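Enquirer: model this:
(one chain, ligands or ions: 1)
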Amino acid sequence: MSLASVHLTGIGGYLPERILTNAELEQMVDTTEAWIIERTGIQQRHIIAADQMTSDMAVEAAKVALADAGISIDDIDALVVSTTTPDLIFPATATVVQAKLGGKDFPAWDIQAVCSGFVYGLAQVEGMMRAGMFKRVLLIGAEAMSRIVDWTDRGTCILFGDGAGAVVLEARESNVENGLIGSVLHADGAYRDLLKATHPHRPSSPDLHQQVNHESADFSLDSAGTAAVEMKGNEVFRVAVTKLGSVVNEILAKYEFSDSDIDWLVPHQANIRIIQATAKKLKMDIDRVALTVGSHGNTSSASVPLALNELYRSGRLEKGQLILLEAFAGGFAWGANLLRWSK
Ligand code: COA
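Expert: Numbers count the residues shown, from 1 in each chain. This is a model prediction of the structure:
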């Protein structure tokens, strides 16, 4: 196959039923509804059910995306799940999703770039599809952030929510300027301690495995601890605004577009003030921005596909429109994609 163009042909989202309001959070930590809305724009978030895992949400979003594309799992030839909250350390959640959807044989793997995972995933999959490796790919961002949040930390627990978003991507043998145009990705691990989730059972940590149990050869682990997000919020905020401002300029310059060419901004939904800063940088009216932060909170790598899904379902997307996707994440890892809507 020669250089193909890559099109988004199906999209779906899933949000768990349980809604956690700011009023409920007032009962849990020292905060107020007014503070949360003013500082973040978040009014509520969805929380995964006790009997669900990340793969269950991914499957629901994938079913909607497959139906939207008018295809079945048998038509898919690769499945990628972006998640920070995998069902297990291994195997990849993508293989769990593949099995639950009844898929067989095609490759399935996870990617981990935290909140930028979907943006990274689009870039990775587009490159592989343009190289002729796959014809139809299912790309899912699915996150159960509520399972790793410290529910006693008011600085972080108010921010996150659960959910999944999925897209079907299809390679076509044409070079028309349509579909995915390209991506820009960055990371800087010097910032890794500003936003992270730790767990006493860190998979590669020597202190909990060999060191504790070397002599007895007893590798059973203390199961008391749970994972927890730690963040220096105001420092993350500052860097996020700067890096997102520069990455949107960079991607426009790289593909020779200007601010005024963008029809829609679909940003990662971390904080309304970060989104407003990026929109301002692009001189975009806020009503040209897909906004779900108020109703979903920060669903990590599910947030961009969920926001795109809501924009699509609202009926406001038109063929030929130029969409700029962007995200910023722990690491830090950040990036952007340009997509010409061709559905
Ligand atoms: N309710 C009430 N007060 C709170 C609070 C809460 N839920 N969380 C923090 N505060 C307090 C702080 O303790 C601090 O009090 P102090 O001045 O007495 O020390 C004060 O509010 C200001 O804290 P600060 O962290 O500077 O607030 P902020 O305006 O930066 O807002 C965030 C905090 C977390 C909302 C904001 O920094 C943010 O969104 N950061 C980026 C988060 C992000 O994008 N993360 C994910 C990237 S993928």
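Enquirer: The chain against the ligand: which residues are in contact?
Expert: 31, 35-36, 39-40, 115, 154-155, 158, 231, 233-234, 236-237, 240, 270-271, 274, 298, 328-329 (C-beta under 6 Å from any ligand atom). Any C-beta I mention is one placed from the backbone N, CA and C, and that applies to glycine too.
Enquirer: Check the residues you listed for burial and list the buried ones.
Expert: 31, 36, 39-40, 115, 154, 158, 231, 236-237, 240, 270-271, 274, 298, 328-329 (16 or more other C-beta atoms under 10 Å).
Enquirer: Averaging pLDDT per element, find the lowest-scoring helix or strand in the chain.
Expert: Across the helices and strands of the chain, mean pLDDT, DSSP states H and E gives its lowest value to helix 210-213, namely a mean of 42.
Enquirer: how about the helix or strand following it: buried residues?
Expert: Following helix 210-213 in sequence order, the next helix or strand is strand 228-231 (DSSP states H and E). Going by neighbour count (16+ other C-beta under 10 Å), the buried part of strand 228-231 is 228, 229, 231.
Enquirer: how close does residue 21 get to residue 242?
Expert: 32 Å (C-beta to C-beta, to the nearest Å).
Enquirer: again, but for residue 166
Expert: Counting by C-beta to C-beta, the gap from residue 166 to residue 242 is 31 Å.
Enquirer: Between these two, which is the more surrounded one?
Expert: residue 166 (33 against 12; other C-beta atoms under 10 Å).
Enquirer: Assess the claim that that one and residue 59 are in contact.
Expert: No. Counting by C-beta atoms under 8 Å, residue 166 sits too far from residue 59 to count as a contact (9.1 Å).
Enquirer: Work out for me the element the residue nearest to residue 286 when sequence neighbours are not counted sits within.
Expert: In space, and not counting its chain neighbours, residue 286 is closest to residue 279: 5.7 Å by C-beta to C-beta, 6 or more residues apart in numbering. Element membership for residue 279, per DSSP H and E: helix 272-281.
Enquirer: Kindly report the same for residue 319.
Expert: Going by DSSP H and E, residue 319 is not in any helix or strand.
Enquirer: so who does it touch?
Expert: 341, 342, 343 (C-beta atoms under 8 Å, 6 or more residues apart in numbering).
Enquirer: Which pLDDT does the model give the closest residue to the ligand within the stretch 201-343 of the chain?
Expert: Residue nearest to the ligand within the stretch 201-343 of the chain (C-beta to the nearest ligand atom): residue 233, separated by 2.9 Å. pLDDT for residue 233: 96.
Enquirer: pretty sure it contacts residue 156?
Expert: Yes. Residue 233 lies in contact with residue 156 (C-beta under 8 Å); the separation is 7.4 Å.
Enquirer: The residue nearest to residue 7 when sequence neighbours are not counted: neighbouring residues, count only.
Expert: Nearest in space to residue 7, with sequence neighbours left out and distances taken as C-beta to C-beta, 6+ apart, is residue 179 at 3.9 Å. By other C-beta under 10 Å, the residues close to residue 179 number 23.
Enquirer: Can you tell me the centre-most residue of this structure?
Expert: residue 301 (1.2 Å; C-alpha atoms, centre = their mean).
Enquirer: ok, now how distant is that residue from residue 132?
Expert: Taken as C-beta to C-beta, the span from residue 301 to residue 132 is 26 Å.
Enquirer: tell me the contacts of residue 317?
Expert: 264, 311, 323, 341, 343 are the contacts of residue 317 under C-beta under 8 Å, 6+ apart.
Enquirer: ugh, typo on my part, it should be residue 336
Expert: Taking C-beta under 8 Å, 6+ apart as the test, what residue 336 contacts is 119, 183, 184, 247, 248, 250, 251, 324, 325, 326, 327.
Enquirer: among these, which ones are buried?
Expert: Using 16+ other C-beta under 10 Å, the buried members of the contacts of residue 336 are 119, 183, 184, 247, 248, 251, 324, 325, 326, 327.
Enquirer: Which of the helices or strands spans the fifth one?
Expert: In this case it means residue 248. helix 233-254.
Enquirer: helix or strand right after that helix?
Expert: strand 264-267.
Enquirer: what about dumping the CA coordinates of that following strand to PDB?
Expert: What follows is strand 264-267 as a C-alpha-only set of coordinates in PDB (Å, rounded to 0.1, in the frame of the first residue of the first chain):
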ATOM      1  CA  TRP A 264     -12.800  23.500  16.400                       C
ATOM      2  CA  LEU A 265     -10.500  23.200  19.300                       C
ATOM      3  CA  VAL A 266     -10.800  19.800  21.200                       C
ATOM      4  CA  PRO A 267      -8.600  20.200  24.200                       C
END
